[in-house]
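[1] Prediction below, plus the sequence it came from.
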Amino acid sequence: MNVLYLKCVSCGTTYPKNKIIYRCGCGQSLDIVYDYSRIGRKITWQKLRKRKFCHWRYREFYPIENDKNIRTMEEGGTPLIRSSIWCKKLKFDLHFKYEGVNPTGSFKDRGTTVEISKAVEFGAKKLVCASTGNMGASVAAYASRAGLDATIFVPKKTTTSSKINQIVIYGSKIRFIDGDYDAAIAACNKEQKKSNAYLLGDYPYRGEGEKSVSYEIADENGVPDYVICPIGNGTLLGGMWKGFVEMKKTRLTKKLPKIIAVQASGCNTVVSAFNKKINYVEHSEAKTKASAIACGTPLDGLKALHALQQNKGYGIAVSDKEMLSAQRMLSREGVYAEMSGAATFAALLKTRNKIRKNSKIVLIATGHGLKDV
Ligand SMILES: [Zn+2]
């Protein structure tokens with residue numbers, strides 16, 4: 001209802017909002033442009049807070065034209081848990097946004113509810129999606145709920161059994177692909193062209209859903225000084241930054257946080273582009289056991305890189321060993337995050353001397369530890 005058009009993040013080409021399109025003709029990601037003065041006239045925190053605390057509380061910021069197309073499981077509304085141990089030890093006001101309690105156990109449900117609602121709006125019946133596992137599990141659940149037929153393409157070697165079990169039990173077809181996540185994307189795209197199925201994944205509508213993590217953080221505890229967020233495809237980081245900027249444009253906040261991006265050192269494409277001050281993201285092999293961020297060619301890498309450049313934040317690469325150690329440290333106070341989510345804490349430990357004491361910091365713990373044991 002509030003969408004104006006779609007725009008390429010690289011060449012600036014625009015596309016009408018009623019056209020099904022996944023990427024720009026130049027191959028890059030698309031961004032969705034809204035009428036923020038219209039949204040700003042309609043909402044205030046007071047009005048929003050009369051609605052239930054979950055993802056759809058902020059529905060004016062999503063690209064759904066008609067509310068009857070919304071398919072939801074009341075995702076979002078996840079707890080912002082204050083650290084009991086590390087606040088004292090590190091002398092920060094530290095919180096974990098614990099995304100493991102979403103309906104399928106990861107932040108992906110925020111993007112999926114919007115993508116599936118949009119697929120319903122476009123009249124789609126058959127869906128295809130390539131995934132490292134979490135997105136596939138999430139799409140499988142929401143597709144079944146919406147009565148849509150979904151096929152999920154996953155890398156055979158690296159997708160964890162818990163994520164495969166989720167995809168199967170929710171009722172989607174699964175295709176195991178030899179090779180990495182990039183190979184799964186190639187197979188999925190080939191099938192999409194052949195069958196004309198609706199393509200889900202880190203395309204424009206998903207990022208719009210993943211923005212809600214920023215609205216919830218601001219809504220519950222105000223905009224923090226720092227947010228530390230992992231990068232797989234870069235969709236979450238790009239969406240989260242867009243969410244904070246949108247809150248400023250619609251006068252819900254005056255403050256913006258500093259963003260610290262985290263990648264695995266065996267797959268640190270965006271962090272490396274940011275540090276080299278280049279305006280493109282190079283391909284890398286995905287050498288990490290943190291399966292959810294093992295993306296050698298991040299689909300929204302450029303979006304995440306632009307977010308980091310605009311924010312004047314910075315990026316950190318952490319090793320698998322550092323992630324596993326951070327995962328154990330977080331678990332000792334009850335927060336069991338999967339490796340890619342624990343990467344945020346590993347990054348904080350590495351950068352803590354650069355952050356002033358008593359800063360308000362939020363770490364995005366993206367998925368439940370049980371997803372990747
Ligand atoms: Zn373009």
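    Looks like it came in fine.
[2] Helices of the stretch 51-200 of the chain, residue ranges please.
    With DSSP state H, counting those that start in this stretch, the ranges of helices along the stretch 51-200 of the chain come out as 86-90, 108-121, 134-146, 161-169, 181-195.
[3] tilt between the third one and helix 108-121?
    With axes from the mean of the first three to the mean of the last three Cα atoms, to 10 degrees as the criterion, the two stretches helix 134-146 and helix 108-121 enclose an angle of 40 degrees.
[4] Please report phi then psi for the residue of the stretch 251-373 of the chain found nearest the ion.
    Residue of the stretch 251-373 of the chain nearest the ion, by Cβ to the ion: Leu302 (10.0 Å). Backbone N, C-alpha and C define where each C-beta goes, glycine included. Reported as degrees, to the nearest 10, the phi and psi values for Leu302 are phi -70, psi -40.
[5] Now do the same contact list for it.
    Counting by Cβ atoms under 8 Å, 6 or more residues apart in numbering, Leu302 touches 9-10, 28-29, 234, 280-281.
[6] Thought Ala365 was touching Ser331, still the case?
    No. Between Ser331 and Ala365 there is no contact under Cβ atoms under 8 Å: 10.9 Å.
[7] So for these two, which residue has more residues nearby?
    More crowded of Ser331 and Ala365, by other Cβ atoms under 10 Å: Ala365, with 31 against 13.
[8] and the more buried one, what are its bridge partners?
    Beta-bridge partners of Ala365, counted by DSSP bridges, are Tyr98.
[9] what about Cys18, how many neighbours?
    Quick fix: residue 18 reads Asn, not Cys. Using other Cβ under 10 Å, Asn18 has 10 other residues around it.
[10] Now tabulate the helices of the stretch 51-200 of the chain in TSV and tack on mean pLDDT, distance to Thr44 and mean neighbour count.
    What follows is these, written out as TSV (pLDDT from 0 to 100; distance: least, Cβ to Cβ, whole Å; neighbours: other Cβ atoms under 10 Å):
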stretch	mean pLDDT	distance to Thr44	mean neighbour count
helix 86-90	94	31	15
helix 108-121	98	23	28
helix 134-146	97	30	27
helix 161-169	94	38	18
helix 181-195	95	41	18
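[11] Any idea which of the ones you listed gets closest to the ion?
    Closest among these, once you apply Cβ to the ion, is helix 181-195, at 17.3 Å.
[12] ok, and what's touching that closest one?
    Helix 181-195 has contacts (Cβ under 8 Å, 6+ apart) with 126, 128-132, 151, 153-155, 158, 175, 177, 197, 199, 201, 286, 294-297, 299.
[13] Which of the residues you listed fall in strands?
    Per DSSP state E, strands hold the following members of these: 126, 128-130, 151, 153-155, 175, 177, 199.
[14] Looking at these, state which has the most neighbours.
    Within the ones in strands among the contacts of helix 181-195, Cys129 tops the neighbour count with 31 neighbours, counted by other Cβ under 10 Å.
[15] what's across from that residue in the sheet?
    Taking DSSP bridges as the rule, Cys129 bridges to Ile152, Leu200.
[16] Would you quantify the distance from it to the ion?
    23 Å (Cβ to the ion, to the nearest Å).
[17] Measure how buried Leu370 is and give me the count.
    Neighbours around Leu370, by other Cβ under 10 Å: 12.
[18] Skipping adjacent residues, who's closest to it in space?
    Ser162 (6.3 Å; Cβ to Cβ, 6 or more residues apart in numbering).
[19] Check Ser172 too.
    Counting by Cβ to Cβ, 6+ apart, Ser172 lies nearest to Ala140, which is 3.7 Å off, once chain neighbours are set aside.
[20] you'd agree that neighbour is up against Ile152?
    Yes. Between Ala140 and Ile152 a contact is recorded at 6.2 Å, counting by Cβ under 8 Å.
[21] Name the residues contacting each of those two.
    Residues touching both Ala140 and Ile152 by Cβ under 8 Å, 6+ apart: 167, 172.
[22] ok and the residue in the stretch 151-300 of the chain nearest the ion?
    In the stretch 151-300 of the chain, the residue that lies nearest the ion is Pro204 (12.2 Å; Cβ to the ion).
[23] OK, contacts around that residue?
    Listed by Cβ under 8 Å, 6+ apart, the contact set of Pro204 reads 6, 21-22, 29-32, 63.
[24] same check, this time on Cys267
    284-288, 293-296.
[25] what about it, which SS state?
    For Cys267, the assignment made with DSSP: H, G, I helix; E, B strand; the rest coil gives coil.
[26] need the residues of the stretch 1-150 of the chain near the ion, please.
    Residues of the stretch 1-150 of the chain lying near the ion by Cβ under 5 Å from the ion: 8, 10-11, 13, 24, 26, 28.
[27] I appreciate the help and will end here.
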